[in-house]
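Colleague: here is my input, please return the structure:
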Amino acid sequence: MDILACDTDDRLTELLKINDELNHIKDIDSLLDAILYETRRLTNADAGSIFLIENRMLNFSYVQNDTLKKRDPLNNKQIYSNFAIPINETSIAGYVALKGKTLKIDDVEYIDDNVPYSFNRSFDKISGYNTKSMMTIPLVTTRGHVIGVMQIINAKDDKGNPIAFQSSDERYLSFFAGSATSAIEKAKMTREMILRMIKMAELRDPKETGSHVNRVASYSIELFQKWAEKRNFTHKEIKNYRDILRIAAMLHDVGKVAISDIILKKPARLNEDEFKIMKTHAYQGAKLFKGNVSDLDALSYDIAYTHHERWDGKGYPRRLKGEDIPIAGRIVALADVYDALISARVYKPAWEESDVITVLEKESGNHFDPELVEIFLSIYDVIKAIRMKFPDLDFKIFTS
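Modeller: Next comes the predicted model:
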């Protein structure tokens, strides 16, 4: 067997292994991260993004960029970029979504004038990045429906210089994209089921919105990422935990479905007796996951039960203290309080950002794990980007 044939067999074997791993990822964002990472690794691409179709637009759903990450390792805010583009022939991504066929461009500086699409350099100008080569692949279901596109940028040679993607890359990625699309469909169903549960809770508690739980979950995984990196967790350990942490964090207040509407919907502060009843939501939520039949159940149990505990031991329901509180509970405690303060509620306006930061600093070592507060403030640009991605009102759509 010649070298080319050996390389072909190795890449196919690796693709099959990756496909199997993707099918075990539950959370849609973790899945997009894994798909983009593996696609880039297979093609030695410096950067990439995934757009998913929602409301007949291509929503910018996930991005990775090694060059920008090296410039600022702490800043992960680009993955929370929030815009959408039309599905038409004017943009490269829109063209591929419309036609359903892969498009390989060796150099975006020299796109033929006769084609309808063009390269938009606005991101490069804002970030200081330099896009050269690009391959855009449609994500097509087994029924022939395009659900999005994946775009990889700047294949690299052995010295890290940008080069054109190879024709063989296109063949392998066409195969890989089919499996990735199936995994995305499954993960989207899981996310929709979670959001339906949140909507059920929202019918009872107007504070528990899809935007709120998405923000809390996103804050939480970013906090965990930095906390785990400081302890030298492996990439795989971090990736696996993030996968279930996002879902479990979204369900932190699901126990409120057991609380009376009179208390949940009261447009004022609760009195002492009402607050005692409200505090039972932590136990009620934990009961839903008491079977612990999976890692997700176990983590959901921990978060529901302990996200109102305090570092100083004055929280509820069990008055746990310090590191006796599971790390997931400590993380969600900080994320949840921050979002509650910075957001408008039926009983209060949103606090000023400076006032919220002052509270976090004051409560470091009291309410909150001081290390987590330090991490939170160190990634505050990312936190603000998350708030912009999941606003309480509809996000802005960019059409140019």
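
Colleague: tell me the confidence at Ile325?
Modeller: The score at Ile325 is 98. That number is its pLDDT.

Colleague: brain fart, Phe51
Modeller: Per-residue confidence (pLDDT) for Phe51: 96.

Colleague: residue contacts, the nearest residue to it once chain neighbours are set aside?
Modeller: With Cβ to Cβ, 6 or more residues apart in numbering as the measure, Leu58 is the residue that lies nearest to Phe51, at 4.0 Å, once sequence neighbours are left out. From N, CA and C alone the C-beta is placed, and that goes for glycine too. Going by Cβ atoms under 8 Å, 6 or more residues apart in numbering, Leu58 touches Phe51, Leu52, Ala84, Ile85, Pro86, Ile87, Ala93, Gly94, Ala97, Gly148, Val149.

Colleague: three-state assignment of Leu58?
Modeller: Assigned by DSSP: H, G, I helix; E, B strand; the rest coil, the conformation of Leu58 is strand.

Colleague: in the stretch 101-250 of the chain, where is pLDDT below threshold?
Modeller: Across the stretch 101-250 of the chain, the stretches falling below the confidence threshold (pLDDT under 70) are 201-209.

Colleague: ranges for the strands of it?
Modeller: In the stretch 101-250 of the chain, the strands defined using DSSP state E, counting those that start in this stretch lie at 103-105, 134-140, 146-156, 162-163.

Colleague: dump those to a markdown table, plus mean neighbour count.
Modeller: As requested, these are exported to a markdown table (neighbours: other Cβ atoms under 10 Å):
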| stretch | mean neighbour count |
| --- | --- |
| strand 103-105 | 19 |
| strand 134-140 | 24 |
| strand 146-156 | 24 |
| strand 162-163 | 17 |
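
Colleague: output those in CSV; the columns should cover distance to Lys239.
Modeller: Converted to CSV, these look like this (distance: least, Cβ to Cβ, whole Å):
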stretch, distance to Lys239
strand 103-105, 29
strand 134-140, 21
strand 146-156, 19
strand 162-163, 27
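
Colleague: among these, which is nearest Pro73?
Modeller: Checking the strands of the stretch 101-250 of the chain against Pro73 by Cβ to Cβ gives strand 146-156 as the closest, at 19.1 Å.

Colleague: how far off strand 134-140 does that closest one point, in degrees?
Modeller: For the pair strand 146-156 and strand 134-140, the angle between their directions (axes from the mean of the first three to the mean of the last three Cα atoms, to 10 degrees) equals 160 degrees.

Colleague: and strand 146-156, which strands flank it?
Modeller: In the sheet containing strand 146-156, its partner strands are strand 45-54 (antiparallel), strand 134-140 (antiparallel), strand 162-163 (antiparallel), by DSSP bridges.

Colleague: show me what the last one is in contact with.
Modeller: Contacting residues not belonging to strand 162-163 are listed as Asp46, Asn130, Lys132, Ser133, Asn154, Ala155, Lys156, Asp157 [Cβ under 8 Å, 6+ apart].

Colleague: pull the most distant pair out of those.
Modeller: For those, the maximum inter-member distance is 15.3 Å, found between Asn130 and Asp157 (Cβ to Cβ).

Colleague: pLDDT score for the residue nearest to Phe51?
Modeller: 96.

Colleague: bridged to it, which residues?
Modeller: Using DSSP bridges, the bridge partners assigned to Leu58 are Ile53, Ile85.

Colleague: so how far is Phe165 from it?
Modeller: Distance from Leu58 to Phe165, counting by Cβ to Cβ, to the nearest Å: 21 Å.

Colleague: same check on Asn366?
Modeller: When Cβ to Cβ is the yardstick, Asn366 and Phe165 sit 53 Å from each other.

Colleague: out of those two, which sits in the busier spot?
Modeller: Comparing Asn366 with Phe165 by neighbour count (other Cβ atoms under 10 Å), the higher total belongs to Phe165, at 21 against 11.
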